[in-house]
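>>> I need the structure of the sequence given here:
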Amino acid sequence: TGKNGWLLRFSVRDTGVGIAAEDLKHIFTAFSQASKSTTREFGGTGLGLGISKALVERLGGTIQVKSERGKGTEFFFTVRMDVVEMKVKVDAVKKEAAPESEMKLPPKLDILVVEDSATLSRLWAKILTNLGCNVDTAGNGQIALDKCALKKYPLVLMDISMPVMSGDKAVAELRKKGWDGVVIALTANAMELDRLKYIEMGMDAVVTKPFQVETLVAKILECFEKRRVLSGRESG
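The predicted structure follows:
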């Protein structure tokens with residue numbers, strides 16, 4: 001601490017497989033992972049550390065890594081933060097708060113959330129449950145196939161990059177088997193070619209990460225409305 005504020009150091013350490021010394025030099029490069037087997041076994045796109053480095057450097061800090069094969073890895077960064085005094089009246093905060101979304105999902109809607117990140121899976125299950133939905137989760141595309149064989153979900157929220165079986169391959173398999181529920185891809189791949197690819201493989205829509213809850217709810221309602229309109233035309 002001092003006149004220039006606080007110098008904060010953040011550290012994350014694990015006791016995993018570790019990273020080879022020759023792989024450390026490109027560990028912060030976008031779309032890079034320690035080895036090709038990492039993607040196959042654990043999933044991911046290799047973007048996380050590159051984004052972390054960019055954010056830390058934008059804040060004027062530095063990020064580093066220490067690792068030893070068979071013993072684990074430590075990532076740590078330092079940033080200097082200014083000390084700011086802020087006084088906010090509670091009434092003012094209430095007045096500026098965004099109004100609750102008027103968009104409502106169908107009550108007790110059965111949803112399967114397919115996401116390999118346990119943290120994100122729990123987060124979306126909690127949010128959707130609070131919106132009145134019944135939520136099940138799956139950690140990869142193969143588990144999603146198994147669960148969809150046992151239960152007819154009106155809606156599946158499908159991550160793309162996952163170990164064992166990716167989301168796009170899982171949806172292609174579901175469509176081959178005649179499964180006709182709504183599937184929305186949740187992905188960090190924001191390119192138009194990626195979106196068209198996922199739609200062609202059987203997705204109803206694509207929502208790019210990160211996104212707001214309202215964005216997802218609006219897309220879900222849009223997909224159900226399209227299905228209703230198409231069903232009405234076919235029956236007519």
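>>> partners of the longest strand seen in the chain in the sheet?
Taking DSSP state E as the criterion, the chain has its longest strand at strand 72-81. In the sheet containing strand 72-81, its partner strands are strand 6-13 (antiparallel), strand 62-68 (antiparallel), by DSSP bridges.
>>> closest one to Val113 among these?
Closest to Val113 of the strands paired with strand 72-81 is strand 6-13 (CB to CB; 25.4 Å). Just so you know, the C-beta spots here come from the backbone N, C-alpha and C atoms, and that holds for glycine as well.
>>> so how far is that closest one off the chain centroid?
Centroid separation for strand 6-13 versus its chain: 25 Å, with CA atoms, centre = their mean, to the nearest Å.
>>> just stretch 132-142 next, same as before
Taking mean C-alpha positions (CA atoms, centre = their mean), stretch 132-142 and its chain are 13 Å apart.
>>> Can you tell me how far the closest residue to Leu7 other than its chain neighbours is from Trp6?
Spatial nearest neighbour of Leu7, chain neighbours left out: Arg80 (5.1 Å); criterion: CB to CB, 6 or more residues apart in numbering. Separation of Arg80 from Trp6 (CB to CB, to the nearest Å): 7 Å.
>>> Count the neighbours of the residue nearest to Leu7 for me.
13 (other CB atoms under 10 Å).
>>> Against Lys66, how distant is it?
From Arg80 to Lys66 the distance is 22 Å (CB to CB).
>>> winner for burial among the strands paired with strand 72-81?
Of the strands paired with strand 72-81, the one with the most neighbours on average (mean count of other CB atoms under 10 Å) is strand 62-68, at a mean of 15.
>>> Got the phi and psi for Gly16?
The phi/psi pair for Gly16 (degrees, to the nearest 10) reads phi -90, psi -150.
>>> That one - nearest residue in space that isn't next to it in sequence?
Here the residue nearest Gly16, using CB to CB, 6+ apart, is Gly72, at 5.5 Å.
>>> Next: Phe211.
Leu186 (7.9 Å).
>>> Outside of the host helix or strand of that neighbour itself, list whatever touches it.
If you go by DSSP states H and E, Leu186 is part of strand 182-187. Contacts to strand 182-187, defined as CB atoms under 8 Å, 6 or more residues apart in numbering, come from residues 115, 154-161, 167-168, 171, 174, 194, 198, 202-209, 211, 216, 219-220, 223-224, 227.
>>> Mind doing that once more with 6 Å?
155-160, 171, 198, 203-207, 223 (CB atoms under 6 Å, 6 or more residues apart in numbering).
>>> closest to Val84 among these?
Scanning the contacts of strand 182-187 for proximity to Val84, where the rule is CB to CB, the winner is Val207, at 34.7 Å.
>>> can I assume the closest one is in contact with Lys219?
Yes: between Val207 and Lys219 there is a contact under CB atoms under 6 Å: 5.4 Å.
>>> Ok, which of the strands paired with strand 72-81 comes nearest Gly178?
Per CB to CB, nearest to Gly178 of these: strand 6-13, 44.8 Å.
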